[in-house]
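> Show me how the following folds:
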Amino acid sequence: MKRVLGIMYKNTEIVIKNYSGLSTEEKPTNAAGGTIPNGSRWREVDTGRTYFFEKQTDSWYPFEGVATLVASHSPVVDLRALEVLEQMLISLKKIEYHLMLATDADLTNEEM
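Below you'll find the predicted structure:
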């Protein structure tokens with residue numbers, strides 16, 4: 001486990017599969033003997049519709065845009081972005097510290 005900005009997280013990677021087929025075809029499910037990873041994508045080649053798989057319900061859900069996807073599912077956290085944000089906040093804290101002291105000293109990592 002690693003801590004970034006007070007948030008504990010475990011870095012795990014999942015392989016997401018991309019499937020395609022006709023809208024008349026039956027989509028694969030885990031109950032039907034498949035091993036479909038959570039978040040996998042099904043693209044209907046004849047209609048252009050996209051579906052995403054939810055492992056908990058073993059169901060495919062239509063993708064209706066980013067706002068719908070984010071509102072109806074758990075938020076996704078970009079861990080690299082959190083690390084960059086943490087570094088930016090540290091740098092801003094150093095700048096604030098030097099402005100408070102009104103010095104011309106160089107900023108170093110040891111000061112904060």
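
> Show me what the helix or strand that contains M88 is packed against.
Taking DSSP states H and E as the criterion, M88 maps to helix 79-101. Applying 3 or more Cβ pairs under 8 Å, 6 or more residues apart in numbering; DSSP states H and E, one finds that helix 79-101 contacts strand 2-4. (C-beta placed from N, C-alpha, C; glycine too.)

> average model confidence for the strand it packs on?
Taken as a whole, strand 2-4 has an average pLDDT of 57.

> Same check on stretch 15-33?
Across stretch 15-33, the per-residue pLDDT values average to 88.

> Same question for stretch 46-57.
88.

> What are the buried residues along it?
T50, Y51, F52, F53, E54 (16 or more other Cβ atoms under 10 Å).

> Quick one: residues in contact with that stretch.
Residues outside stretch 46-57 that contact it (Cβ atoms under 8 Å, 6 or more residues apart in numbering) are 22-23, 27, 30, 36-44, 59-63, 69, 73.

> Tell me which of these fall in strands.
R41, W42, R43, E44, S59, W60, Y61, P62 (DSSP state E).

> CA atoms only for the helix holding M88, dumped as PDB, please.
Below are the C-alpha coordinates for helix 79-101, written out as PDB (Å, rounded to 0.1, in the frame of the first residue of the first chain):
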ATOM      1  CA  LEU A  79      -2.500   7.700  -9.400                       C
ATOM      2  CA  ARG A  80       0.200   9.400 -11.500                       C
ATOM      3  CA  ALA A  81      -1.800  12.600 -11.600                       C
ATOM      4  CA  LEU A  82      -2.100  12.400  -7.800                       C
ATOM      5  CA  GLU A  83       1.700  12.100  -7.500                       C
ATOM      6  CA  VAL A  84       2.200  15.100  -9.800                       C
ATOM      7  CA  LEU A  85      -0.400  17.100  -7.800                       C
ATOM      8  CA  GLU A  86       1.400  16.200  -4.600                       C
ATOM      9  CA  GLN A  87       4.800  17.500  -6.000                       C
ATOM     10  CA  MET A  88       3.100  20.700  -7.200                       C
ATOM     11  CA  LEU A  89       1.600  21.300  -3.800                       C
ATOM     12  CA  ILE A  90       5.000  20.700  -2.100                       C
ATOM     13  CA  SER A  91       6.600  23.300  -4.600                       C
ATOM     14  CA  LEU A  92       3.800  25.800  -3.800                       C
ATOM     15  CA  LYS A  93       4.400  25.300  -0.100                       C
ATOM     16  CA  LYS A  94       8.100  26.000  -0.600                       C
ATOM     17  CA  ILE A  95       7.300  29.200  -2.500                       C
ATOM     18  CA  GLU A  96       4.900  30.300   0.100                       C
ATOM     19  CA  TYR A  97       7.500  29.700   2.800                       C
ATOM     20  CA  HIS A  98      10.100  31.800   1.000                       C
ATOM     21  CA  LEU A  99       7.700  34.600   0.300                       C
ATOM     22  CA  MET A 100       6.800  34.600   4.000                       C
ATOM     23  CA  LEU A 101      10.500  34.900   4.900                       C
END
